[in-house]
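S.K.: Based on what follows, work out the 3D shape:
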Amino acid sequence: MSNITGITRGGSVWEPQFVTELNPATCIGCGRCYKVCPRDVFELVERSELDLDDAEMDDDDFDDDDNMMVMVISNAMDCIGCQSCAKVCPKKCHTHQAAAAA
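M.R.: Numbers count the residues shown, from 1 in each chain. You can find the predicted model right below:
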């Protein structure tokens, strides 16, 4: 089975890479991915609402007292595979993958 592909305006074949994961342990909640996403795939939540081990946290970026907001994937099925989120993320929190055609 082949992956979903498209054609760019210039005629080149393009294979979308859909967001599959976002690592909340490294997310700094900057909102850049939220702002560039054309499909409203992400949502800000409080870090305390997530079940994260202290070992997963990057101590250089967060204090124990921080109750900051982080991004999560709330609507993955609306992702169009543009990878804009990954291109603007300063912490490289996003994981993408191609999808098989139905």
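S.K.: Spell out the residue ranges of the strands in this structure.
M.R.: Secondary structure of the chain, counting by DSSP state E: strands at 6-7, 13-14, 18-22, 42-46, 69-73, 94-97.
S.K.: tell me the most buried of the ones you listed?
M.R.: By mean neighbour count, with neighbours taken as mean count of other CB atoms under 10 Å, strand 69-73 ranks first of the strands of the chain at a mean of 20. (Glycine included, C-beta is placed from N, CA and C.)
S.K.: Describe which strands it pairs with in its sheet and in which direction.
M.R.: Within its sheet, strand 69-73 is paired with strand 42-46 (antiparallel), according to DSSP bridges.
S.K.: could you list every residue that touches residue 87?
M.R.: Neighbour list for residue 87: residue 36 [criterion: CB atoms under 8 Å, 6 or more residues apart in numbering].
S.K.: and with 6 Å instead?
M.R.: Contact partners of residue 87, counting by CB atoms under 6 Å, 6 or more residues apart in numbering, are absent.
S.K.: can you check the one 10 residues further on too?
M.R.: Under the criterion of CB under 6 Å, 6+ apart, the contact partners of residue 97 comprise residue 20.
S.K.: Test of understanding: give the bridge partners of it.
M.R.: Counting by DSSP bridges, residue 97 forms beta bridges with residue 18.
S.K.: Please tell me how far it sits from residue 35.
M.R.: Computed with CB to CB, to the nearest Å, the distance linking residue 97 and residue 35 is 23 Å.
S.K.: With mean pLDDT and distance to residue 88 added, can I get the strands of the chain in a markdown table?
M.R.: Shown next, in a markdown table, are the strands of the chain (pLDDT from 0 to 100; distance: least, CB to CB, whole Å):
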| stretch | mean pLDDT | distance to residue 88 |
| --- | --- | --- |
| strand 6-7 | 94 | 21 |
| strand 13-14 | 94 | 19 |
| strand 18-22 | 97 | 13 |
| strand 42-46 | 95 | 12 |
| strand 69-73 | 95 | 11 |
| strand 94-97 | 98 | 10 |
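S.K.: Thanks a lot, catch you later.
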